[in-house]
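Chemist: I would like the atomic coordinates for the input below:
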Amino acid sequence: MNFRKQEVNESLKSGPYLKIGNRLVDFARERPLIMGILNVTPDSFSDGGLYYRFSDAINHAVQMLNEGADIIDVGGESTRPGAQPVPLKEEIRRVVPVIKHLRKETEAIISIDTYKPEVALEALEAGADLINDVYGLRQPGMLKLVSEAKKPVVIMHMKGTPRTMQDNPVYANVVQEVYDFLRIQRDKAIEAGLSTEQIIIDVGIGFGKTLEHNLELIRHLDYFMTLDCPILLGPSRKSFIGLILDLPVNERLEGTLAVVAIGVMKGANIIRVHDVKETLRAVKVAHALKGN
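Modeler: Below is the predicted model:
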């Protein structure tokens, strides 16, 4: 794999930082954060339908918090390969009551997993702290919303859309192309008024990538540290792990934890997963081994 070499900035030795509300996380001194996945959907690839009912969603969120989740990522539309879009009003109906309840009853950091600015706005007004945007600020209106809200945002790389992203994705150089996209979108967010402390980057494991693309991105995750932003890694139960192990989605925990440990060693600052308790244990060990 050939791509442009860059030196890691000296400032990264005391960062990167993440600013959420009044909290400032210095990842040079604190372990990576755990983002627990809360799919309020009937059709997500791993746990579709399990937490679709309001009470089930709340109970699962509380369980993940009790297991050590730092962030709860609430999503109302599946982004699995081939997924169909959900009508705007339906997505809002799914996520807003859950966010309102969590904001009232917990002190959790709450993330809204959406690429639609209308949903993001409703979620922020309901109490969400950050936006997790799988379209990476490409959806019309999202950059304007980010500019006005001044809330942290996850900028993720995805080739195509959920319906088309796995239709023979091709890159000349996956690491450099993903890097260049994230750099451009990061700069747009900065121009819109956000600081690097409010911008999280995500290479988009499984979103328009083959098995080898995913492996290359994980192997070279430390290259993305030069963007000076916290790095989110989301490998949880994904199909590339299933391809390696030849196992169904409900038997990919060990494979996920292997990726998590290597990701932490390579600079991941936020880990997005279904299995919070087990992941937190793996993160603590990997973080201790990594040192400062």
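Chemist: Tell me who's in contact with the residue nearest to residue 257 when sequence neighbours are not counted.
Modeler: Nearest residue to residue 257, sequence neighbours excluded (CB to CB, 6 or more residues apart in numbering): residue 282, at 4.5 Å. Yep, even glycine has a C-beta here, placed from its N, CA and C like the rest. Residue 282 makes contacts with 257, 260, 261, as judged by CB atoms under 8 Å, 6 or more residues apart in numbering.
Chemist: which SS state does residue 282 fall under?
Modeler: With DSSP: H, G, I helix; E, B strand; the rest coil as the basis, residue 282 sits in helix.
Chemist: For it, give its distance to residue 195.
Modeler: Per CB to CB, to the nearest Å, residue 282 is found 30 Å from residue 195.
Chemist: what do you get for residue 204?
Modeler: Taking CB to CB, one finds residue 204 at 23 Å from residue 195.
Chemist: Kindly report the same for residue 186.
Modeler: Counting by CB to CB, the gap from residue 186 to residue 195 is 11 Å.
Chemist: ok, which stretches of this structure are strands?
Modeler: Along the chain, the stretches classed as strands by DSSP state E are 17-20, 23-26, 33-39, 71-75, 109-113, 130-133, 153-156, 199-202, 231-233, 270-273.
Chemist: and the fourth one, which strands flank it?
Modeler: This points to strand 71-75. Applying DSSP bridges to the sheet, strand 71-75 is found paired with strand 33-39 (parallel), strand 109-113 (parallel).
Chemist: tell me which residues in stretch 120-138 are buried?
Modeler: Across stretch 120-138, burial judged by 16 or more other CB atoms under 10 Å covers 120-124, 126-137.
Chemist: Any idea how far apart the tips of it sit?
Modeler: Across stretch 120-138, the terminal residues are separated by 14 Å (CA to CA, to the nearest Å).
Chemist: Tell me where the model's unsure across the stretch 1-150 of the chain.
Modeler: 1-14, 43-52, 80-83 (pLDDT under 70).
Chemist: give me that answer again for 50
Modeler: For the stretch 1-150 of the chain, the stretches flagged by pLDDT under 50 are 5-13, 45, 47-48.
Chemist: Could you pull out the helices in it for me?
Modeler: Using DSSP state H, counting those that start in this stretch, the helices of the stretch 1-150 of the chain run over residues 54-66, 88-105, 117-126, 142-149.
Chemist: surely residue 182 meets residue 158?
Modeler: No - if you go by CB atoms under 8 Å, residue 182 and residue 158 don't touch, sitting 11.3 Å apart.
Chemist: so what sits against both of those two?
Modeler: residue 136.
Chemist: just to revisit the earlier point, of residue 204 and residue 195, who's got more company?
Modeler: Per other CB atoms under 10 Å, whichever of residue 204 and residue 195 has more neighbours is residue 204, with 24 against 14.
Chemist: you'd agree the more buried one is up against residue 181?
Modeler: No - with contacts defined as CB under 8 Å, residue 204 does not count as touching residue 181, sitting 9.1 Å away.
Chemist: what sits in contact with each of the two?
Modeler: By CB under 8 Å, 6+ apart, the residues touching both residue 204 and residue 181 are 136, 157.
Chemist: Make sure residue 70 is actually in contact with residue 30.
Modeler: No - under the contact definition of CB under 8 Å, residue 70 does not touch residue 30, with a separation of 9.8 Å.
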